[in-house]
Structures are given as C-alpha cells and as structure tokens.
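> Kindly return the folded structure for what I paste below:
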Amino acid sequence: MNKSVLSLALCAAFALGGAAHAQSNVQVYGLIDAGVETLNHANANQNSVTKVVSGAKNTSRWGFRGTEDLGGGLKAVFGLEGGIFLDTGAADGPLFKRQAFVGLDGSFGRIVVGRSFTTTYDFVILFDPLGYAPNYSWATSANASGPSKYGMTTAFDNLIKYSGTTGEFKYGATVGLGEQAGSAADSRKYSVAGSWTHAGLGVMAAYEQINGNPVAVTFRRDETSAFHVAADYNTGDWRLTAGMRGYKLEAGRANTADVRSDTYWGGVSYFIKPAITLTGAVYHVNVKNVASGQDADPTMYVLRSLYALSKRTDLYVAAAYAKSKNGKLVSLSRDDPGFSTSQTGVTAGIQHRF
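As a prediction, this is how the structure comes out:
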C-alpha cells in the first residue's frame, strides 16, 4: 500500500512539474571557439608569434535565457550572458558582462531593461561578410592600430531597448541612461536602426550617439556619433555584402582635435553544399581630419574557409593581410597594438555551439 501511495505521489509531482515547464522555458546555451594563430610583426623587434586564441571566429560565451508564457500572446523574457577566454579559462570581465536583462515580448515587439547589445550592433553584424569575427573583421571596431577607435559601441549599461518587426521590415531603438543628476544628456547613449529584406536582398541603416560628461575648463563633453548603411544579396550559392560607417568625435577638451573617419567593407561568400563556405572580404578605413601625410588609411584583406562538421560544430581556417600608409602602424586585430606598417596572420580553429 505504501509503495502505491509513493508511486502516486511521484506521478503527481512529475505532472505538476510538467505543467509548470509548459508555462516557462529556461535554456542554458553557449558558444566555445578556440584556435591557433600565427602572426608576423608581433612586437617591436618584428618577431613572429604562434599562440592559442579564444574566439577567433566568434567570441566564446555562455549564458541562460528564458521565457514565461503570460497568456494572450505576452511573454516575460530574460537573458544572462558572460564571456570566456578559452585559452586561459578566465572570465571576460564581470560575470554577465555581455548581457543581463529582463523584459516583455508580445505583438507590440520586445522591450528589455538592463544591459544588452545595442540596436546598431544587432543590425550591423548581420551585414558583416565574416559575421563579426573578433580576429579579422573591422566592421564593428575598425581601428587597425589600437583598441577600438573609429568603431561603434557594442553594448550599453542602464539600457531600455525595443525591437519590432512588421512584414519585411525590422527596426529597433536603444537608450542607455546617463544617470547623471542635473543633466539627462550627460553620459546618455542611444542607437536606432532598421532593415528591409525581400527575395534575398537586404538593406540596413543605423545611427548611434554617445555622450560623455563635461570636462574641466571647457565644460563641454565628448560626443561620438556613427552611422551605418549596408546591403546584402544572397542567391543561395552566393552572398554579396557591402557596408560603410561614418564616424565622428566632437572633442570636449581644449586643444584636442576632433576625429573623422569612414570605414568601408565588402565581401563575397560561396556556399559549396552541404558543408563548405568560402569567404573573401576587404575592409578599409579612410582616416580624415588629420594633417596631410599623417593618415594611416589602413586596408585589410581576408580569406576564410569554413567546414561544418554538424549543425553545431565548425572547423575554420582564416588568413589576413593588413597594410597602412605614411609609415603608420597597423594590426589585424581590433584590440591589439600595431608594430609595423603591415601584418599577416593565419588562424585555424574549431567552434561548437550548445
């Protein structure tokens, strides 16, 4: 008798648990990407180096995301996502540096609050021929000789973010509150973007502005803005992509020059079904508002071969070459300093999604 009662209790518990999970869904997910890279001109002595790199094709990350059905087509949503340096196992900054948000999703679209990627970032990476590769892409941060200049902001703290879809149109807006007493504009950030797709053709436009805080003496603030336009055409076997960014920094400090630059990119991909993708891409930065003969105007050429072992696991090999003008330093990576007027790199790696 006791065994029968216990069996009934366990069945009831599982039934209740099943009903609860029918209302909500939580997923653990991640992307693990590591490779081996060889670079020349890797230090001031112009030596080469071979190293293990984390996130050569895409940034390694892990996280939780979930939804709860609230009825009437309305859902609660949340996301927590952190970065990983796979070569050392260390965390990339705070635990959930990449995303930490909660919000609502319904027929009106989606609105979330917390920290997340900007609307500009969400749209631009879809028009990068390399799909945002930290090693060999300048579509998001196109500086060739220092950390992330002439680029865009990938994520905002203290944000309110909206995204929506109407037919073939997608659109969105993000505001990062400055949270400065006395001035809503100080430290405020915002971005807007929209795209249209039809019969393999896609076009996109985006704009962002980043405000700093007033500085001493001038009581002015730095103001950075960037606009993007891009187009993409996919025939099934071929994909053609082109885009550009116009970057502007209005300096708040006296005797500090404003910055202007335009970044252009284009790429061609060929899909050899069912598993191979070949991609060639070119990135160029036109540095402006500098003295004659002082602009680097770097260009980078990239070739990549991708082989899909499964829906979740890819092997890849990428090679890149960058050069600059006027004796200026250049590097392939968006984050690493340059030590020469040119650099060549080759990376072979593996990526797995779970």
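> any weak-confidence spans in this protein?
Residues of the chain that meet the criterion pLDDT under 70 lie in 1-22, 142-149.
> In this structure L309 contacts L315, no?
Yes. With contact taken as Cβ atoms under 8 Å, L309 and L315 are classed as touching, separated by 6.3 Å. Any C-beta I mention is one placed from the backbone N, CA and C, and that applies to glycine too.
> V282: what's it in contact with?
Residues in contact with V282 (Cβ atoms under 8 Å, 6 or more residues apart in numbering) are W265, G266, G267, T299, M300, Y301, V302.
> what about the nearest residue to the fourth one once chain neighbours are set aside, how many neighbours?
The reference is to T299. By the measure of Cβ to Cβ, 6 or more residues apart in numbering, the closest residue to T299 outside its immediate chain neighbours is H284, 4.6 Å from it. Neighbours of H284 under the rule other Cβ atoms under 10 Å: 18.
> helix or strand right after the helix or strand where H284 lies?
Element membership of H284 [criterion: DSSP states H and E] is strand 276-288. Going down the chain from strand 276-288, the next helix or strand is strand 299-308, by DSSP H and E.
> Now do stretch 33-49: everything it contacts.
Taking Cβ under 8 Å, 6+ apart as the rule, stretch 33-49 contacts 50-60, 86-87, 135, 316, 332, 338-340, 342-352.
> Just confirm L86 contacts K57, I think it does.
No. L86 is not in contact with K57 according to Cβ under 8 Å; the separation is 11.8 Å.
> Compare these two and say which is more crowded by neighbours.
K57 (27 against 20).
> helix/strand/coil for that one?
Counting by DSSP: H, G, I helix; E, B strand; the rest coil, the backbone at K57 sits in coil.
> now the strands for the stretch 51-200 of the chain?
All strands of the stretch 51-200 of the chain, identified by DSSP state E, counting those that start in this stretch, fall at 61-71, 74-85, 90-91, 99-106, 109-117, 155-166, 169-176, 189-198.
> Compile the ones you listed into JSON lines and extend it with columns for distance to D295 and mean neighbour count.
Formatted as JSON lines, the strands of the stretch 51-200 of the chain follow (distance: least, Cβ to Cβ, whole Å; neighbours: other Cβ atoms under 10 Å):
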{"stretch": "strand 61-71", "distance to D295": "35", "mean neighbour count": "15"}
{"stretch": "strand 74-85", "distance to D295": "33", "mean neighbour count": "18"}
{"stretch": "strand 90-91", "distance to D295": "37", "mean neighbour count": "12"}
{"stretch": "strand 99-106", "distance to D295": "36", "mean neighbour count": "17"}
{"stretch": "strand 109-117", "distance to D295": "31", "mean neighbour count": "19"}
{"stretch": "strand 155-166", "distance to D295": "29", "mean neighbour count": "17"}
{"stretch": "strand 169-176", "distance to D295": "31", "mean neighbour count": "20"}
{"stretch": "strand 189-198", "distance to D295": "27", "mean neighbour count": "19"}
